[in-house]
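> Sequence plus the predicted model coming up.
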Amino acid sequence: FEQAQIDGESVRKFTDNVFIYKDSLSLFTDKAFQYLDKNELHLLGNTKMINKGDTLTCENMIFWTDIDSINAQGNVRFTQKDRNLTSPIINYWKGSGYRGSSFTAKGRVEILEADRQVKAEIIKYDDVSQQMILEENAVVSGKNRALSGNNIIIQYMDSLLNRISIQNDAFATNLVEAKLDSNGIFQKFRDEMNSSNMNAYFSNGDLSSLFMTGMASTELHVIEDSLYMGKNIASGDSVIISFKNDELYRIQINGGGQGKFEPEPRNASIDSTVTYESEFIDYHVQDEESFFEKNAVVNYQGSILKAG
């Protein structure tokens, strides 16, 4: 290496296939400058970090040797256990949690983990609390489902999802397949759910329930034995949607509930739209039963049924 003074500070210059290691952390780069007074290593060119199960590549990096912390910039690619992240900028530091490190990534961040994709302008992960915070244009999507909002908080339990909280402009979609007639082909239909705030709860990594509060509304497609039966549109102050064996099982609407069912004429047993309202609505999807409590009104073909 070469010793030099830069702005009155002692600097060591390393060139040509530089390799640096500290404990379990190894660094590879084209060129490095070590600022001795600030405990900083500036790595320039093709840079790679390996720390146990973590691998990070970038164009430039600053490594603070006294606190095991890194700032990486330029085409950042970060790989962990079952997780791949891409971002223009990331701050990374070692820790003692499940994954062994925490990070803050900025600028159109994208994460692939298991069977889902996570996107936001800023993503922060704290390994001690196992909590991930998504800020601005946040999206969590899987094969058939997606959750989005301005800000999202993901709570992990080791490698599994435990809870997803969406704050402000929460929106969820669910793709389902059904036939319009028994001899037809399967077609895709998109369920939509939105509210001010939303909490998704998971059991063993699978979605078990969705709690929606604040101007909650749903547009769900009713399917029976693979046949499309119609569309159910409902809203209320809050909505709880329950899933069983990964399928829609129950919908509970609290406070100012109202909605309508638009049947598919070829398949449904009714041939015109049903409208309804009640303070509390409990819809058991698979049993095709609805229960109404307090100020209930059901309108079908001009016939109106009311109950207190």
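Yep, that arrived. Residues are numbered from 1 along each chain as shown.
> tell me which strands and helices the lowest-mean-pLDDT helix or strand in the chain is in contact with?
Lowest by mean pLDDT, DSSP states H and E among the helices and strands of the chain is strand 2-6, with a mean of 71. The elements that strand 2-6 packs onto, with contact taken as 3 or more CB pairs under 8 Å, 6 or more residues apart in numbering; DSSP states H and E, are strand 9-22. C-beta coordinates here come from the backbone N, C-alpha and C atoms, glycine included.
> now the strand it packs on and strand 2-6, what's the angle there?
What separates the directions of strand 9-22 and strand 2-6 is an angle of 130 degrees, with axes from the mean of the first three to the mean of the last three CA atoms, to 10 degrees.
> count of neighbours near Asp115?
A count of nearby residues for Asp115, using other CB atoms under 10 Å, gives 9.
> Could you do Ala114 as well?
A total of 12 residues lie near Ala114 under the criterion other CB under 10 Å.
> And for Asp206?
Neighbours of Asp206 using other CB under 10 Å come to 11.
> mind exporting stretch 8-27 as CSV, just the C-alpha atoms?
Extracted as CSV, the C-alpha positions of stretch 8-27 are listed here (Å, rounded to 0.1, in the frame of the first residue of the first chain):
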residue,chain,number,x,y,z
GLY,A,8,-4.1,16.9,6.3
GLU,A,9,-5.3,13.4,7.2
SER,A,10,-3.3,10.2,7.0
VAL,A,11,-4.6,7.9,4.3
ARG,A,12,-3.4,4.5,3.1
LYS,A,13,-4.0,3.7,-0.6
PHE,A,14,-4.6,0.1,-1.7
THR,A,15,-4.8,-0.8,-5.4
ASP,A,16,-5.2,-3.8,-7.7
ASN,A,17,-7.5,-6.6,-6.4
VAL,A,18,-7.7,-5.4,-2.9
PHE,A,19,-8.8,-7.9,-0.2
ILE,A,20,-9.7,-6.8,3.3
TYR,A,21,-11.1,-8.8,6.2
LYS,A,22,-12.3,-8.3,9.8
ASP,A,23,-13.6,-11.1,11.8
SER,A,24,-16.3,-12.8,9.7
LEU,A,25,-16.5,-9.9,7.2
SER,A,26,-14.5,-9.9,4.0
LEU,A,27,-14.3,-7.1,1.4
